[in-house]
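Enquirer: I need the structure of the sequence given here:
(one chain, ligands or ions: 1)
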Amino acid sequence: MSHGILIVFEGIDGTGKSTQCKMLAELLSKKGIANISLAEPTRGEWGMKIRRLLTEGRNGVSPEEELAWFINDRKQDVELNINPALNAGKVVLMDRYYFSTAAYQGALGFDPEKIRKDNEKFAPQPDRVLIFHNSPEKSLERIESSREGKSAFEKQDYLMDVQGIFKSFDGPNIRFISSDASLEKVHEQVLREVQDLFELKL
Ligand code: TMP
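Expert: Prediction:
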């Protein structure tokens with residue numbers, strides 16, 4: 001059976017990773033390379049519970065439950081979407097995966113390394129992980145232009161902790177990309193970072 005390629009886009013909100021994920025998907029399609037774009041949290045039952053929590057607030061849901069929901073959502077995604085696409089030989093592009101759980105739930109106090117290892121027991125390891133990051137100046141600009149006032153700064157502190165955990169990841173398949181440059185320049189870097197997975201096709 002042929003096996004596809006798994007490429008993951010990670011980083012804090014506002015780094016442009018979703019846009020870059022779409023740009024790569026469009027290029028692959030243009031080149032006739034079969035691909036599928038997936039995102040976590042998913043639109044499945046667990047993903048929808050998570051989205052409600054994100055928009056409506058915790059309402060008594062503990063961090064432990066939140067972590068369990070992300071894991072349940074991913075288990076379904078692996079079984080229903082990720083593994084079938086990889087087994088069909090497709091390129092799977094993911095907007096967030098278990099590195100997000102390690103970073104975001106890690107910043108709530110769980111051990112990021114344990115989260116990563118627990119996920120790797122059931123989730124296929126990516127061929128490439130692109131971790132996007134913003135400079136503190138760029139992040140500050142974003143807050144100053146937002147209208148959320150003090151809560152935006154509190155959220156920013158949390159996101160800086162999350163970004164710190166993202167930056168601590170290492171491994172042969174992990175690449176860091178600064179998203180401060182223009183969309184086109186960042187796209188060019190994305191291509192350089194995945195080129196070897198496609199031989200001469202890109
Ligand atoms: P999104 O903005 O990319 O749709 O992601 C929704 C939020 O969910 C985002 O703030 C990051 C968060 N998240 C986690 O906290 N843990 C996870 O495992 C995942 C996949 C997302």
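
Enquirer: max-length helix in the chain?
Expert: helix 150-168 (DSSP state H).

Enquirer: Helix or strand for the nearest residue to A25 once chain neighbours are set aside, just tell me which one.
Expert: Closest residue in space to A25, ignoring its immediate chain neighbours: S37 at 4.9 Å, by Cβ to Cβ, 6 or more residues apart in numbering. Where C-beta positions appear, they are placed from N, C-alpha and C, glycine not excepted. In the assignment (DSSP states H and E), S37 maps to strand 35-39.

Enquirer: Poorly predicted segments of the protein, please.
Expert: 1-2, 143, 147-154, 200 (pLDDT under 70).

Enquirer: that older thread, mind listing the strands the strand holding S37 pairs with, and their directions?
Expert: strand 91-95 (parallel) (DSSP bridges).

Enquirer: wait, L108 sits on E64?
Expert: No: proximity of L108 to E64 does not meet the contact threshold set by Cβ atoms under 8 Å, at 9.7 Å.

Enquirer: what about I7, which SS state?
Expert: Here I7 is recorded as strand under DSSP: H, G, I helix; E, B strand; the rest coil.

Enquirer: That one - nearest residue in space that isn't next to it in sequence?
Expert: With Cβ to Cβ, 6+ apart, the residue lying closest to I7 is R128, at 4.9 Å.

Enquirer: wait, what's in contact with that neighbour?
Expert: 5-8, 173, 175, 193-194, 197 (Cβ atoms under 8 Å, 6 or more residues apart in numbering).

Enquirer: out of those residues, who's near the ligand?
Expert: Applying Cβ under 6 Å from any ligand atom, the subset of these adjacent to the ligand is empty.

Enquirer: Would you mind listing which of these are buried?
Expert: Neighbour-count burial (16 or more other Cβ atoms under 10 Å) is assigned, among the contacts of R128, to 5-8, 193-194.
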